[in-house]
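> Model the following, please.
(one chain, ligands or ions: 1)
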Amino acid sequence: MLSTTTSRIALQTRPLFVQRFYATGAGSVNSLLVVEHKNGKIGGATLNALSAASKLGGSVTALVAGDAPEAVAQAVAKYAGVSKVLTAKDAAYANGLPENFAPLLAEVQKKHGFTHLIAGHTAFGKNIMPRAAALLDVAAVSDITGVESEDTFVRPIYAGNAIATVKSNDSVKVVTVRSTAFAAAEEVADNSPATEEADAAEKPNLVQWVGEDIQKSDRPELGSASRVISGGRGMKNGENFKLLYDLADKMGAAVGASRAAVDAGFVDNSLQVGQTGKIVAPELYIAVGISGAIQHLAGMKDSKTIVAINKDGDAPIFQVADYGLVEDLFKAVPEMTEKL
Ligand SMILES: Cc1cc2nc3c(=O)[nH]c(=O)nc-3n(C[C@H](O)[C@H](O)[C@H](O)COP(=O)(O)OP(=O)(O)OC[C@H]3O[C@@H](n4cnc5c(N)ncnc54)[C@H](O)[C@@H]3O)c2cc1C
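Residues are numbered from 1 along each chain as shown. The predicted structure follows:
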């Protein structure tokens, strides 16, 4: 239920961690953190979601489901804030299929009385959490950037143009967390939570995992890179992105793109930054040949330092840029690569 809405100009709220958070300290809060993992490694967004869960106060139980969850269960137990680990071992959970995960979440919620179900706002979390909410007959609160109290959360709306403060009156809060808004939880030496196996839940067998085709790259992952260089329609074609790859390799940066560049087929849509792409908040974001449409800004405006290269001095990207270069990118980018 949306009880209060406050609007601010999102572009004026650049600093990430200045929002007012506080733990409720309420003993009644009993959160379930849904752990995303792949190849034995915890997904980075889970650690940001853990920080959000810790801000609620109370206890945090980490749920690790998979065909071999043991190693990840051991790994997550070392993080500050995890008070218990639940494992669910079954091949049905091997690939994050929401049709199988959602009934598991509903089952463990009922058994353990969790007050909050929390996951990162990734493809995994976005797939699973609304389904789990539907099974529990509650509303999902998605993409939160702040925790005001155990029932009140902050989340961007209208592509980040306004910030809503939403209060959920549901008995169970199902929440996904924007990872760029919370620092990742850290490992601690002295954490040793109990580990327990979750009761078996229904596996509806509605879908079957066939396989996946993953783009392999030696560059850092776009969502977690500390430096990102993105190209837009101004790049003119896919071949010209080589200019950005060369610069990125010199800087140890990931490469991103605007939706116009993706729609034009210059690059794969996994590189898209923005409202309907990835949300990034690196130390350094370089926008090359990108005009700065609001939908693009929604995905990168929280970057620490923004650099824009555009031949049009009136391009809106310069309004959010810390450093701007009004120049033809085909001259500026090779020059930068050479100087580096
Ligand atoms: C519902 C919805 C969701 C959307 N989601 C996203 C999203 O997730 N991400 C996203 O990016 N967009 C998104 N968009 C699209 C968005 O509105 C813009 O259309 C898009 O971001 C524009 O991309 P662009 O800046 O690359 O292209 P343009 O707006 O065409 O800008 C190209 C820029 O390149 C500059 N340029 C051209 N040639 C050169 C040169 N030689 N040297 C230097 N500069 C040059 C031009 O001056 C211009 O500023 C969405 C739109 C909608 C409606």
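
> Tell me which residues are up against stretch 242-251.
219, 227, 229-231, 235, 253-255, 286, 288, 329-330, 333-334, 336-337, 340 (CB atoms under 8 Å, 6 or more residues apart in numbering). In short, each C-beta sits where N, CA and C put it, glycine included.

> What about the ligand: which of those touch it?
Within the set of those, contact with the ligand (CB under 6 Å from any ligand atom) is found for Leu329, Phe330.

> From the contacts of stretch 242-251, which land in helices?
Among the contacts of stretch 242-251, the residues falling in helices (DSSP state H) are Leu329, Phe330, Val333, Pro334, Met336, Thr337.

> Going through the contacts of stretch 242-251, which ones are buried?
Neighbour-count burial (16 or more other CB atoms under 10 Å) is assigned, among the contacts of stretch 242-251, to 227, 229-231, 235, 253-255, 286, 288, 329, 333, 336-337.

> Please verify my assumption that Glu107 contacts Ala198.
Yes - between Glu107 and Ala198 there is a contact under CB atoms under 8 Å: 7.5 Å.

> circling back: make JSON lines from the ones in helices among the contacts of stretch 242-251 and add pLDDT to it.
Shown next, in JSON lines, are these (pLDDT from 0 to 100):
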{"residue": "Leu329", "pLDDT": "98"}
{"residue": "Phe330", "pLDDT": "98"}
{"residue": "Val333", "pLDDT": "98"}
{"residue": "Pro334", "pLDDT": "97"}
{"residue": "Met336", "pLDDT": "96"}
{"residue": "Thr337", "pLDDT": "97"}
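
> I'd like the residues you listed as a markdown table, with distance to Asn205 appended.
Written out in a markdown table, the entries for the ones in helices among the contacts of stretch 242-251 read as follows (distance: CB to CB, whole Å):
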| residue | distance to Asn205 |
| --- | --- |
| Leu329 | 51 |
| Phe330 | 54 |
| Val333 | 51 |
| Pro334 | 54 |
| Met336 | 53 |
| Thr337 | 52 |
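
> ok, of those residues, which one's closest to the ligand?
Checking these against the ligand by CB to the nearest ligand atom gives Leu329 as the nearest, at 3.6 Å.
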